[in-house]
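**Q** Generate a structure from the sequence data that follows.
(one chain, ligands or ions: 1)
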Amino acid sequence: MALTRILPSREDEDLLNTIMRFAAAELQPRVAEAEENGTFPRDVFRKLGALGVLSLPHDAEYDGGELPAEVALQVVEELSRTWASIGVGVTVHWASVHPLWKWGSDEQRKRWLPELISGDLLGGFCLSEPEAGSDPGAMKTTATREGNEYVINGVKAWITHGGEADFYSVMARTSGDGAKGISCFLVPADTPGISAAPPERKMGLNGSRTSEVRFENVRVSANRRIGDEGRGLAIALDALDTGRLCIAAVSTGVAQAALDHAADYARTRQQFGRPIIDFQGVSFLLADMSARTSAARALYLDAARRKDRGVPFTRLAAEAKLVASDTAMAVTTDAVQVYGGAGYTRDYPVERLMREAKIMQIFEGTNQIQRHVIGRDYR
Ligand SMILES: Cc1cc2nc3c(=O)[nH]c(=O)nc-3n(C[C@H](O)[C@H](O)[C@H](O)COP(=O)(O)OP(=O)(O)OC[C@H]3O[C@@H](n4cnc5c(N)ncnc54)[C@H](O)[C@@H]3O)c2cc1C
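**A** Numbering: from 1, shown residues only. Down below sits the predicted model:
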């Protein structure tokens, strides 16, 4: 069934139509093979860059699209409906630009932002470490001041685009003062001393490269520190608020895709002499999948509209991420059920969607951590 979106303007409708055509022409023919073989589609990000997608949220002053979150997130949902690794990649790039865009000085923004969002470059966001996942305040990577430079040493874990990115936003410890001793740096990926481990062998999302990134005596000019010393974790958490909305949009796209496939299959698969969609047991399953997917979309759009109006949205972003990723998991599992035995094979896309849904409950803060964020408001 065609999805009817309510968008703020005619231009936004045109943009979404362009994205859907792009997804059909450029993503659909490649997604299954690339995910099966674990191929990172760098060229797709160049094409999306040329379309302006990598700069959709950023200020027009720096050649960004200056699009409200309400629209940018629906672009992410549509990309993810066809290829989740691409939707995730676009939002990780946005998160990598976020520290400079929102917390950089005017001079830093003028100097680096246009290039970062030009569409030619791809970013990575380096927060997690092997021993610091849900608790990033425990990170061990250090950035030691030496004259006009910082020297970064440590290991960042699970970095999306690790080894593929052109630049990294890196959180590193500038003092021993716990969560308040972390600072943020914008680091070109070809700086001597940076290396990436081989890609992680993941359950899904295999078109998205995830690697450890190692920093060994990496020298960065002091003018590449974003924000004051000690503000790094606050900057990262600010980026994660928006990142969670992005993962809610990706999750909704994955759920919608599973629903689309399951409904198509149920209309054509015959048992007992009729299409299985005629059985209430199947059509009620599809109805629940549809209701849950619509609810996930409504929740992330509510949070996005608050963000666009400057209203606090941290709790709503956590709720949207929690609900949408749980929805993606439930809806993809039900889609496998609608396919019966065929759903349990790699011959149909719903099995891959179910594997992709699982990561949505884990990254950008696990869903247990989202509950901590939500619960804080009620203490
Ligand atoms: C594919 C992929 C891509 C990623 N991309 C990036 C990236 O680009 N950049 C980046 O910085 N990171 C990235 N991550 C890391 C991701 O954000 C972390 O995996 C996530 O935050 C969880 O950390 P952890 O894996 O160390 O789990 P842990 O923190 O060890 O958690 C293990 C379990 O304990 C639970 N737990 C922990 N603390 C609590 C608590 N206080 N209360 C209740 N339960 C708790 C967790 O919910 C989880 O179930 C990525 C991860 C993956 C798998």
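
**Q** the strands in the stretch 251-379 of the chain, which residues?
**A** Here the stretch 251-379 of the chain has its strands, by DSSP state E, counting those that start in this stretch, at 270-271, 274-275.

**Q** List the contacts of the residue of the chain found nearest the ligand.
**A** Residue nearest to the ligand within the chain: residue 133 (1.8 Å; CB to the nearest ligand atom). Where you see a C-beta, it was placed from the backbone N, CA and C, and this is true even at glycine. Shown in contact with residue 133 (CB atoms under 8 Å, 6 or more residues apart in numbering): 157, 158.

**Q** And the pLDDT for it?
**A** With respect to pLDDT, residue 133 scores 98.

**Q** Could you do residue 1 as well?
**A** What the model reports as pLDDT for residue 1 is 76.

**Q** surely it meets residue 267?
**A** No: look at residue 1 against residue 267 with CB atoms under 8 Å: they stay out of range, at 10.7 Å.

**Q** In terms of neighbours, single out the busier of the two.
**A** The neighbour comparison of residue 1 against residue 267 (other CB atoms under 10 Å) goes to residue 267, with 13 against 8.

**Q** That one touches residue 275, doesn't it?
**A** Yes: here residue 267 lies in contact with residue 275, judged by CB under 8 Å, at a distance of 5.5 Å.

**Q** Could you pull up the contacting residues of the nearest residue to residue 141 once chain neighbours are set aside?
**A** The shortest distance from residue 141 to any non-neighbouring residue, by CB to CB, 6 or more residues apart in numbering, is to residue 154 (2.6 Å). Residue 154 sits next to 129, 139, 140, 141, 142, 172, 214, 215 when contact means CB under 8 Å, 6+ apart.

**Q** So residue 154 versus residue 216, what's the distance?
**A** 9 Å (CB to CB, to the nearest Å).

**Q** which residues are in contact with both of these two?
**A** Residues touching both residue 154 and residue 216 (CB under 8 Å, 6+ apart): there are none.

**Q** Max pairwise distance over the contacts of residue 154: which two?
**A** Maximum pairwise distance among these (CB to CB): 14.1 Å, between 139 and 214.

**Q** the more surrounded of the two?
**A** Taking neighbours as other CB under 10 Å, residue 139 and residue 214 compare with residue 139 leading, 26 against 17.

**Q** Looking at the more buried one now. What's its pLDDT?
**A** Reported pLDDT for residue 139: 98.

**Q** Quick one: residues contacting it.
**A** Residue 139 makes contact with 127, 129, 132, 154, 171, 172, 173, 182, according to CB under 8 Å, 6+ apart.

**Q** got a winner among the residues you listed for most neighbours?
**A** Of these, with other CB under 10 Å as the count, residue 172 tops at 29 neighbours.

**Q** does that residue really touch residue 183, like I thought?
**A** Yes: if you go by CB under 8 Å, residue 172 and residue 183 touch, sitting 6.4 Å apart.

**Q** Common neighbours of those two, please.
**A** Common contacts of residue 172 and residue 183 (CB under 8 Å, 6+ apart): 143, 232.
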